[in-house]
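>>> please find the sequence and the predicted model below.
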Amino acid sequence: MTLENFKAGTYTQQYQYKSFTPTKINTEWTWSDTMVNSLLAEANLKLGELNAFSSHVPDIDIFIRMHVVKEATTSSRIEGTRTEMEEVVMKKADVGVEKRDDWQEVQNYIRAMNHAIKRLKDVPISTRLLNETHQILMSGVRGKAKLPGEYRKSQSWIGGATIKDAVFIPPQHTEVSGLMSDLENFLHNDKIQLPDLIRIAIAHYQFEAIHPFLDGNGRLGRLLITLYLVSNNILSKPILYLSSYFEKHKSVYYDNLTRARTANDLLQWIRFFLVAVTETSKQGIATFKSILALREDIESHRLITLGSKFPRAQQLITHLYKSPRVTAADVGVMLNVTPATANVFIRDFVKLGVLKETTGGKRNRMFTFHEYLTLFVDAGK
């Protein structure tokens with residue numbers, strides 16, 4: 001199939017509505033659009049530069065935790081949650097009651113992503129892995145009654161108060177299994193000579209068109225991108241997350257996915273996707289450089305002034321890279337020290353400008369590694 005002659009699918013008359021069945025994608029793909037080749041070359045170059053940090057950044061895994069938090073926050077926000085990163089790194093008890101449902105959805109996303117990345121060592125991208133991941137994503141939150149871990153068994157729709165005025169009606173549930181098998185085969189078909197970024201761009205579009213679950217399709221579809229790049233060794237570590245770019249350009253993101261289906265214009269979606277990879281890779285590189293500069297400043301200049309307390313201070317800063325919001329009790333547990341000693345370290349870190357008190361109270365105070373957290377909050381804005 002050529003991208004220029006792409007036929008998105010067909011509409012089937014059901015009772016009082018028409019459902020959309022996307023064309024299967026497990027086939028050869030070609031194109032003559034030179035812009036795609038140019039954008040692909042640039043995206044591959046920047047993605048390769050970003051991946052190089054996997055080898056060159058010491059202890060990179062401690063920083064990946066916050067990249068996952070950023071992705072979980074923005075991907076969930078695309079779907080309507082209102083949790084900010086500053087809240088995501090808090091404990092549930094410290095989050096306002098009115099925001100705890102949103103907070104839990106983001107926490108589920110983090111758990112689902114970490115589970116899926118870990119499972120890739122033993123299980124390929126497949127119905128099994130997607131269902132496992134979906135079950136975690138939907139556990140105990142607003143979608144808990146919508147068949148967590150199972151493909152849908154009824155017709156769904158997007159937009160509109162009822163199916164009669166829906167914006168989009170995906171294929172009937174009886175078609176989902178066959179379409180997802182085709183998608184899975186497409187992802188693993190090594191007889192198709194297709195660049196990985198083009199393949200996953202097409203796969204993401206197809207996943208959203210199939211809409212295999214009753215809820216959580218957007219988040220899982222975006223997670224699929226990272227899973228594919230890691231499973232195919234395009235990325236050594238899960239350090240590319242596109243949701244921040246998609247959220248910033250949310251209307252364009254949805255418009256291009258919709259246009260592929262309604263106007264048979266898959267080319268425009270692929271162009272947008274490749275630009276997203278390039279720009280997100282650039283931002284990721286900039287963020288890692290900022291992290292390394294901040295780490296050098298703190299560990300080689302600020303903490304060294306603490307003298308004999310330096311080993312424990314270094315232990316604390318390592319924890320803060322993974323969990324940049326703490327209480328005195330947290331520090332006591334982290335360092336296995338008394339409350340009095342924990343407070344001494346907090347005062348030292350506040351004096352050095354590493355921690356910043358954020359609650360304004362005298363009791364139950366919370367401290368934030370503000371400089372570090374800001375690197376992720378502001379990234380991509």
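It's in.
>>> can you give me the strands in the chain?
With DSSP state E as the criterion, the chain has strands at 9-14, 17-22, 325-326, 356-357, 367-368.
>>> just those strands: most buried one?
For the strands of the chain, the largest average neighbour count (mean count of other Cβ atoms under 10 Å) is found in strand 325-326, namely a mean of 24. All C-beta spots, glycine's among them, are computed from the backbone N, C-alpha and C.
>>> can you tell me how far the residue nearest the centre of the chain sits from residue 276?
For the chain, the residue nearest the mean C-alpha position is residue 71 (3.5 Å; Cα atoms, centre = their mean). Computed as Cβ to Cβ, to the nearest Å, the residue 71 to residue 276 distance reads 13 Å.
>>> if we can go back for a sec, hang on, the residue nearest to the centre of the chain packs against residue 113?
Yes: between residue 71 and residue 113 there is a contact at 7.1 Å, judged by Cβ atoms under 8 Å.
>>> what residues are shared contacts of these two?
Any residue near both residue 71 and residue 113 by Cβ atoms under 8 Å, 6 or more residues apart in numbering counts here, and that gives residue 226.
>>> related to what we said a few turns ago, of all the strands of the chain, which lies closest to residue 192?
strand 17-22 (17.6 Å; Cβ to Cβ).
>>> list the helices and strands that closest one packs on?
In terms of contacts (3 or more Cβ pairs under 8 Å, 6 or more residues apart in numbering; DSSP states H and E), strand 17-22 is packed against strand 9-14, helix 173-188, helix 196-210.
>>> partners of it in the sheet?
strand 9-14 (antiparallel) (DSSP bridges).
>>> and for residue 34, the neighbour number?
The number of residues packed near residue 34 is 8, by other Cβ atoms under 10 Å.
>>> for residue 208, see how far away it is.
Counting by Cβ to Cβ, the gap from residue 34 to residue 208 is 27 Å.
>>> show me where pLDDT drops low in the stretch 151-300 of the chain?
Along the stretch 151-300 of the chain, the model assigns pLDDT under 70 to no residue.
>>> one more pass at 90, please.
For the stretch 151-300 of the chain, the stretches with pLDDT under 90 are 159-161, 164, 237-241.
>>> for the nearest residue to residue 18 once chain neighbours are set aside, list each beta-bridge partner.
Counting by Cβ to Cβ, 6 or more residues apart in numbering, residue 11 is the residue found nearest to residue 18 once chain neighbours are left out, at 4.3 Å. Beta-bridge pairing of residue 11 under DSSP bridges involves residue 20.
>>> got a list of what residue 11 touches?
18-21.
>>> now residue 28
Counted by Cβ under 8 Å, 6+ apart, residue 28 has contacts 1, 192-194.
>>> okay, the residue nearest to residue 18 and residue 20: tell me how far apart.
6 Å.
>>> same check, this time on residue 156
Residue 156 is 12 Å from residue 20, where distance means Cβ to Cβ.
>>> can you list residues touching both of the two?
Contact criterion Cβ under 8 Å, 6+ apart; residues shared by residue 156 and residue 20: 169-170.
>>> run a quick neighbour tally on residue 154.
Residue 154 has 9 nearby residues by other Cβ under 10 Å.
>>> pLDDT score assigned to the nearest residue to residue 193 once chain neighbours are set aside?
What sits nearest to residue 193 in space, not counting adjacent residues and going by Cβ to Cβ, 6+ apart, is residue 28, at 7.5 Å. We note a pLDDT of 96 for residue 28 in this prediction.
>>> residue 28 and residue 262, how far apart?
Residue 28 is 24 Å from residue 262, where distance means Cβ to Cβ.
>>> can you verify my assumption that residue 200 contacts residue 229?
Yes: with contact defined as Cβ under 8 Å, residue 200 and residue 229 form a contacting pair (6.9 Å).
>>> spit out the contact partners of residue 332.
338-339, 341-342 are the contacts of residue 332 under Cβ under 8 Å, 6+ apart.
>>> try 6 Å this time
Residue 332 makes contact with 339, 342, according to Cβ atoms under 6 Å, 6 or more residues apart in numbering.
>>> residue 245 contacts residue 276, doesn't it?
Yes: judged on Cβ atoms under 6 Å, residue 245 makes contact with residue 276 at a distance of 4.6 Å.
>>> before we move on, back to that, output the helices and strands packed on strand 17-22 in a markdown table; the columns should cover distance to residue 128.
Output for the helices and strands packed on strand 17-22, formatted as a markdown table (distance: least, Cβ to Cβ, whole Å):
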| stretch | distance to residue 128 |
| --- | --- |
| strand 9-14 | 26 |
| helix 173-188 | 10 |
| helix 196-210 | 16 |
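>>> most tightly packed of these?
helix 196-210 comes out most buried of the helices and strands packed on strand 17-22 by mean count of other Cβ under 10 Å, with a mean of 22.
>>> number of nearby residues for the closest residue to residue 343 other than its chain neighbours?
Spatial nearest neighbour of residue 343, excluding adjacent residues (Cβ to Cβ, 6+ apart): residue 328 at 5.4 Å. For residue 328, the neighbour count with other Cβ under 10 Å is 19.
>>> ok, now how distant is residue 192 from residue 123?
Using Cβ to Cβ, residue 192 is found at 22 Å from residue 123.
>>> I meant to write residue 140 there.
Residue 140 is 24 Å from residue 123, by Cβ to Cβ.
>>> ok, residue 12 next?
Separation of residue 12 from residue 123 (Cβ to Cβ) stands at 33 Å.
>>> follow-up on the earlier one: just the buried residues of the contacts of residue 28.
The neighbour count (16 or more other Cβ atoms under 10 Å) marks 1, 194 as buried among the contacts of residue 28.
>>> from the contacts of residue 28, which two are the most distant?
Among the contacts of residue 28, 1 and 193 lie farthest apart (Cβ to Cβ), at 13.4 Å.
>>> show me the domain layout of this structure.
Per automatic domain parsing, the structural domains of the chain span 3-24+56-286, 295-377.
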